[in-house]
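[1] What shape does this take:
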Amino acid sequence: MLKDMLSIHELSVDEVEEILRLAAELKSMQKAGVPHEWLKGKSLGMIFEKSSTRTRVSFEVGMYQLGGQALFLSNRDLQLGRGEPIKDTARVLSRYLDGIMIRTFGHERAEELAKYASIPVINALTDLLHPCQVLTDLLTIREHKGKNLKNLKMAYVGDGNNMTHSFLYGAAKTGMTLSVATPKDYAPKDFVVKNALEDAKETGAVIELMENPAKAVEGADVVVTDTWASMGQEAEHDERKKIFAPYQVNDELLSHADKRAIVMHCLPAYRGEEITEEVFEKNADVIFDEAENRLHTQKAIMLLTMGDF
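    I've put the predicted structure just below:
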């Protein structure tokens, strides 16, 4: 049983494997109509300081399918929006709920919430990390490329953002080869890279950072990208479009990848920017499997934090 789930870096190799194994099992049960209400009578508080489509729906439906209930809590609903310290909110909600999910800006807010809460806290996204999404992506890769991720190369092309950081941790924990290509001034944070390289020693993962997207994609089994301007960076959008133009995932870039390569995107996707319409639609089945798998992966995380597992 996990206390919290804030970062893949904080999980053991075995814990990552258990999340992926359980997520696949839960997906099979849900598809077969097999009841799995193992969180019956339990409640999850969902703190949203950033809006979302997939995060809200997948957590809310996931709790319903597990037999529990989910409460949507925005800043307008909480005293957090009027300046109450997050440590007080953590201690109050711990008296009412069985778990808390938070989607916020600064990662330190999720860490402080977990520090003062006596119940599990799940990081549904911060500016630093997006662990639920990357665990979901690892599940999706296993579905399409086989369970042995150590034989695979993944290329991430674009901004060195929270997705990049969590991919670094995810690859390190599963033994993958990961090549990250970003513009020079948009590379992932040094301390995240250092942590990932340390984790990689246990699994034999290979991690490479570079500026050349074609080199990163060379021979890749999986190519991943993300929006060039994340939430809160809208004012930089036009400038980023110019800087990231060479990093667009298009047919020319994919000519350097393995001919059976799949393309993934965590959504929302801005066609014509980080990915072309043609490439997106060719890989739509994989991308929407990826979106669906948020439901199953997060159910596994909720069970392993809030259940008797």
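
[2] contacting residues around stretch 136-148?
    16, 20, 23-24, 149, 152, 154, 167, 170, 174, 221-222, 224, 262, 264, 266, 286, 289-290, 293-294, 296-298 (CB atoms under 8 Å, 6 or more residues apart in numbering). Glycine gets a C-beta too; all of them are placed from N, C-alpha and C.

[3] from those residues, which ones fall inside strands?
    The strands, defined by DSSP state E, take in 154, 222, 224, 262, 264 from the contacts of stretch 136-148.

[4] Mind giving me the PyMOL command for buried ones among the residues you listed?
    PyMOL command restricting the ones in strands among the contacts of stretch 136-148 to the buried ones, with burial defined by 16 or more other CB atoms under 10 Å:
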select buried, resi 154+222+224+262+264
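
[5] what about the strands in the stretch 151-300 of the chain?
    With DSSP state E, counting those that start in this stretch as the criterion, the stretch 151-300 of the chain has strands at 153-157, 177-181, 206-210, 222-225, 262-265.

[6] out of those, nearest to residue 103?
    Closest approach to residue 103 among those (CB to CB): strand 262-265, 18.8 Å.

[7] next one: that closest one to chain centre, how far?
    14 Å (CA atoms, centre = their mean, to the nearest Å).

[8] Could I get the average pLDDT for that strand?
    Mean pLDDT, strand 262-265: 98.

[9] Quick check: neighbours of it in the sheet, parallel or antiparallel?
    Using DSSP bridges, the neighbouring strands of strand 262-265 in the sheet come out as strand 222-225 (parallel).

[10] Got a quick ChimeraX command for the buried subset of the contacts of stretch 136-148?
    Only the buried entries of the contacts of stretch 136-148 go into this ChimeraX selection, using 16+ other CB under 10 Å:
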select :16,20,23,24,149,152,154,167,170,174,221,222,224,262,264,266,286,289,290,293,294,296,297,298
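
[11] now, which of the contacts of stretch 136-148 lie within helices?
    16, 20, 23-24, 167, 170, 174, 286, 289-290, 293-294, 296-298 (DSSP state H).

[12] State the pair within these that is farthest apart.
    16 and 286 (21.0 Å).

[13] Tell me what the closest residue to residue 277 other than its chain neighbours is bridged to.
    The spatial neighbour of residue 277 that comes closest, neighbours along the chain excluded (CB to CB, 6 or more residues apart in numbering), is residue 271 at 4.5 Å. Beta-bridge pairing of residue 271 under DSSP bridges involves residue 275.

[14] What residue in this structure is the furthest from its centre?
    residue 82 (29.2 Å; CA atoms, centre = their mean).

[15] what are the phi and psi values for it?
    phi -110, psi 20 (degrees, to the nearest 10).

[16] out of the ones in strands among the contacts of stretch 136-148, which one sits closest to residue 134?
    Distances from residue 134 to those, taken by CB to CB, are shortest for residue 224, at 9.4 Å.

[17] What pLDDT is listed against that closest one?
    98.

[18] give the contact list for it.
    Per CB under 8 Å, 6+ apart, neighbours of residue 224: 137, 154, 155, 156, 157, 163, 167, 263, 264, 265.

[19] circling back: next one: the residue farthest from the centre of the chain from residue 112, what distance?
    According to CB to CB, to the nearest Å, residue 82 stands 17 Å off from residue 112.

[20] With residue 293 instead?
    In terms of CB to CB, residue 293 sits 29 Å off from residue 112.

[21] What's the mean pLDDT across stretch 132-147?
    Mean predicted confidence for stretch 132-147 is 97.
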